[in-house]
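Engineer: Sharing a model prediction with you, sequence too.
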Amino acid sequence: MYSQESCCDKLFVDFKFQNIVDANPPETKGVYVIRIRKKGKTSIEEMIRRTEKLVSKIGWKMVEEYVIGRVKRLSRIGECPVIYIGSAAPRKGSKNTLKGRYRELSNRHTIMFPIWVLLYHGWQLEYGWKTCNNPKEEENKLKEKYKKIHNKLPALVER
């Protein structure tokens with residue numbers, strides 16, 4: 001289990017966190033974060049290897065490359081429990097909400113495959129959120145603060 005006082009806790013004091021498998025975020029705009037609550041017993045390398053073996057049986061190279069490309073991001077997980085920072089409804093008129101982004105983790109989000117792999121292997125994750133008026137601006141600020149602490153973005157973030 002990760003300590004309640006991790007390297008980035010101060011960045012997320014105003015966030016509400018719930019277990020990712022049954023979180024109930026609001027239908028509003030804001031920023032969200034995914035963090036590890038407890039690591040599973042299977043190593044990241046083994047999770048990636050097992051996923052590669054399973055996905056190779058699909059026989060569709062394009063799908064294999066896409067899924068494995070996303071799953072290999074898991075190799076970036078380090079000591080920090082924060083693995084993703086994102087925003088919901090960043091553009092004026094956007095219909096996406098914190099609840100909508102949460103739902104996308106089950107069916108189309110760019111990090112859904114790595115999340116599924118972690119959950120399958122017994123890792124416990126949390127979905128945290130904070131409502132705000134300028135989600136994209138807030139997301140960028142959080143990422144910059146995270147980068148100042150770690151000299152890199154969270155494990156599953158590409159940009």
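Structural biologist: Alright, I've got the coordinates.
Engineer: tell me what the lengthiest helix in the chain is packed against?
Structural biologist: Ranked by residue count, the top helix of the chain under DSSP state H comes out as helix 135-150. Packing partners of helix 135-150 (3 or more Cβ pairs under 8 Å, 6 or more residues apart in numbering; DSSP states H and E): strand 30-38, strand 82-88. Every residue, glycine included, has its C-beta placed from N, CA and C.
Engineer: Name the residues that touch the very next helix or strand once past the longest one?
Structural biologist: On the C-terminal side of strand 30-38, the nearest following helix or strand under DSSP states H and E is helix 44-56. Here helix 44-56 makes contact (Cβ atoms under 8 Å, 6 or more residues apart in numbering) with 42, 63-64, 67-68, 71-72, 74-75, 77, 113, 117-118, 121.
Engineer: Most neighbours of all the residues you listed, which one?
Structural biologist: The member of the contacts of helix 44-56 that has the most neighbours, counting by other Cβ atoms under 10 Å, is L118 with 26 neighbours.
Engineer: What about that residue? Give its phi and psi, please.
Structural biologist: Dihedral angles of L118 (phi, psi; degrees, to the nearest 10) stand at phi -60, psi -50.
Engineer: cool, P154 as well?
Structural biologist: Here is the backbone geometry of P154 (degrees, to the nearest 10): phi -60, psi 160.
Engineer: you'd agree it is up against Y146?
Structural biologist: Yes - judged on Cβ atoms under 8 Å, P154 makes contact with Y146 at a distance of 6.3 Å.
Engineer: shared neighbours of these two, which are they?
Structural biologist: Residues touching both P154 and Y146 (Cβ under 8 Å, 6+ apart): 82, 85.
Engineer: In terms of neighbours, single out the busier of those two.
Structural biologist: P154 (25 against 22).
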